[in-house]
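**Q** Sequence first, then the predicted structure:
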Amino acid sequence: MLNFSKNSTTRVFTGVIIAVVLLSFVTNAQDLEKKYAPILGDYEFDMTDFEMGIVTVKIYVEYDALWAYPDNADEPGEMVPVEGEEFVFTVDAGDQGMYELTFQKDEKGEYTKCHVINEAMGMDVTGEKIKE
């Protein structure tokens, strides 16, 4: 016997809303992965001038956002697109200042370089995408 009480209807409605929201997040994440596919991956930076050695930064999409996660950091930083610029982002690192990441094409027209500037740290480095 079916029970169409207010309680069961509310649960079904709530379940549908949750499913729609989750599907929206998955769809948005897939859209971001497609949009940013040319720049996703790992980049290697020579940071010896900053006493950090070689640093690998993973660029990836998760939770409906683009992230940069250096292997020497405790947590990733969200990459915020710079309006009107293709593949240029900022990452707010709090007391370490603001990072600006600009992804650049190589001679083959592929995005294989990431130029990073952090004026507060006097940083101006370019990393190379690690081939998969």
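**A** Yep, that arrived.
**Q** Let me know the pLDDT of residue 71.
**A** Per-residue pLDDT puts residue 71 at 95.
**Q** so how far is residue 42 from it?
**A** 9 Å (C-beta to C-beta, to the nearest Å). All C-beta atoms are positioned from the backbone trio N, CA, C, and that covers glycine.
**Q** what sits in contact with each of those two?
**A** Counting by C-beta atoms under 8 Å, 6 or more residues apart in numbering, the residues touching both residue 71 and residue 42 are 56, 57, 58.
**Q** out of those, which one sits closest to residue 126?
**A** Using C-beta to C-beta, residue 57 is the member of those that lies nearest residue 126, at 11.9 Å.
**Q** returning to what we had before: ok, residue 71 and residue 42, which is more surrounded?
**A** More crowded of residue 71 and residue 42, by other C-beta atoms under 10 Å: residue 42, with 17 against 11.
**Q** Which residues are in contact with that one?
**A** Taking C-beta under 8 Å, 6+ apart as the contact definition, residue 42 lies against 56, 57, 58, 59, 129, 130.
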